[in-house]
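>>> Dropping a prediction and its sequence here:
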Amino acid sequence: MRTWFITGASRGFGALITEKALAKGDNVVATARNPKSVSERFGDHPNLLAVALDVNDETQAHDAAKAAIARFGRIDVLVNNAGFGLLGAIEEATAQEVEAIYRTNVFGLLSVTRAVLPHMRRQRSGHILNFSSIGGYRSSAGFGVYCSAKFAVEGLTEALADELAPLGIYATAIEPGYFRTDFLEGNSLSVSPVEIADYAQTAGVVREKAKHISRNQPGNPQKLADVLIDFVDMENPPVRLPLGSDTVAAIEAKIASDTALLERVRAISISTDFDKTEAA
């Protein structure tokens with residue numbers, strides 16, 4: 001029996017993972033800004049602890065981790081799922097919008113991770129699942145600010161995997177493509193109200209596409225939750241887990257593009273080293 005600690009557990013991927021983990025017989029600490037929304041969805045389950053957590057509040061994160069330990073004695077899987085998106089060109093985004101994205105998607109993730117890690121280190125076991133995105137592997141017009149935050153999540157996760165490996169703790173960046181959740185709806189996606197005409201053919205096109213993609217995404221969120229429930233049983237799990245055929249295609253295209261780029265600029269790239277005579 002594992003104990004899961006899940007942020008943003010009242011809806012979307014967080015709620016689905018909570019549901020699957022409970023069905024498996026595991027314990028779940030399901031956190032949300034309003035824990036009543038968790039209780040209303042899942043009822044009075046003996047393996048469920050609904051806890052109030054605004055990931056932007058570091059003190060609250062430590063309190064939630066302590067409540068998890070007091071109730072279940074350990075935390076085996078941390079799912080950093082809480083977050084939201086921002087749609088708009090980089091120049092269109094205000095400083096306040098950018099700060100809000102980083103405050104929740106990066107700084108909030110860090111606060112919760114720092115609160116949980118002392119307990120995992122004491123156990124010498126655990127697995128951190130940080131929700132990234134295909135946008136954490138390659139950026140694109142219209143989602144530049146959001147993607148930059150997910151790039152930060154990828155970098156943090158790769159470093160965590162290295163730092164925690166000797167302690168028996170794993171870290172994995174989860175990279176979903178377009179899944180049929182409410183991510184492109186108002187609750188999960190902020191749309192910059194500023195629109196600059198010069199970006200109509202780039203970020204503007206993405207704004208329009210998002211309206212038609214919502215509720216028509218190719219990814220099945222139930223299957224993603226099933227994968228993650230099984231994934232934590234994997235021996236030596238990878239540091240990154242791409243999910244969705246669109247994610248796989250995007251990664252393959254980025255790898256091909258980067259390979260071509262290296263071939264194009266290889267001579268320039270290696271020309272900046274010291275010559276052997278200079279190094280001596």
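Good, I have the coordinates.

>>> Do a quick rundown of the helices in the stretch 1-150 of the chain.
Per DSSP state H, counting those that start in this stretch, the stretch 1-150 of the chain carries helices over the ranges 12-24, 35-42, 58-72, 95-102, 109-123, 144-164.

>>> how close does the nearest residue in space to Leu189 that is not next to it in sequence get to Val191?
Excluding the flanking residues, the one nearest Leu189 by Cβ to Cβ, 6 or more residues apart in numbering is Gly85, at 4.4 Å. Just so you know, the C-beta spots here come from the backbone N, C-alpha and C atoms, and that holds for glycine as well. Gly85 sits at a distance of 9 Å from Val191 (criterion: Cβ to Cβ, to the nearest Å).

>>> what about these two, which has more around it?
Taking other Cβ atoms under 10 Å, Gly85 and Val191 do not tie; Gly85 has more neighbours (21 against 18).

>>> which one's the longest helix in this structure?
When the chain is parsed with DSSP state H, its longest helix is helix 245-270.

>>> now it: how far from the chain's centre is it?
Centre-to-centre, helix 245-270 and its host chain are 24 Å apart (Cα atoms, centre = their mean, to the nearest Å).

>>> burial measure for Lys209, as a count.
Lys209 is flanked by 12 other residues according to other Cβ under 10 Å.

>>> Over to Gly108?
23.

>>> and if you look at Arg264?
Residues near Arg264, counting by other Cβ under 10 Å: 10.

>>> how near is the closest residue to Arg33 other than its chain neighbours to Val153?
Distances taken as Cβ to Cβ, 6+ apart place Asp54 nearest to Arg33, at 5.1 Å, with adjacent residues excluded. Distance, Asp54 to Val153, by Cβ to Cβ: 19 Å.

>>> Neighbour count for these two, which is higher?
Using other Cβ under 10 Å, the more surrounded residue of Asp54 and Val153 is Val153, with 24 against 18.

>>> does the more buried one really touch Leu109, like I thought?
Yes - between Val153 and Leu109 there is a contact at 6.4 Å, judged by Cβ atoms under 8 Å.

>>> list residues touching both of the two?
Asn130 (Cβ atoms under 8 Å, 6 or more residues apart in numbering).

>>> the longest strand in this protein is where?
The longest strand of the chain (DSSP state E) is strand 169-176.

>>> picking up where we left off before, next, format the helices of the stretch 1-150 of the chain as TSV and append distance to Glu252 and mean pLDDT.
Converted to TSV, the helices of the stretch 1-150 of the chain look like this (distance: least, Cβ to Cβ, whole Å; pLDDT from 0 to 100):
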stretch	distance to Glu252	mean pLDDT
helix 12-24	24	96
helix 35-42	37	93
helix 58-72	37	98
helix 95-102	28	97
helix 109-123	27	98
helix 144-164	17	98
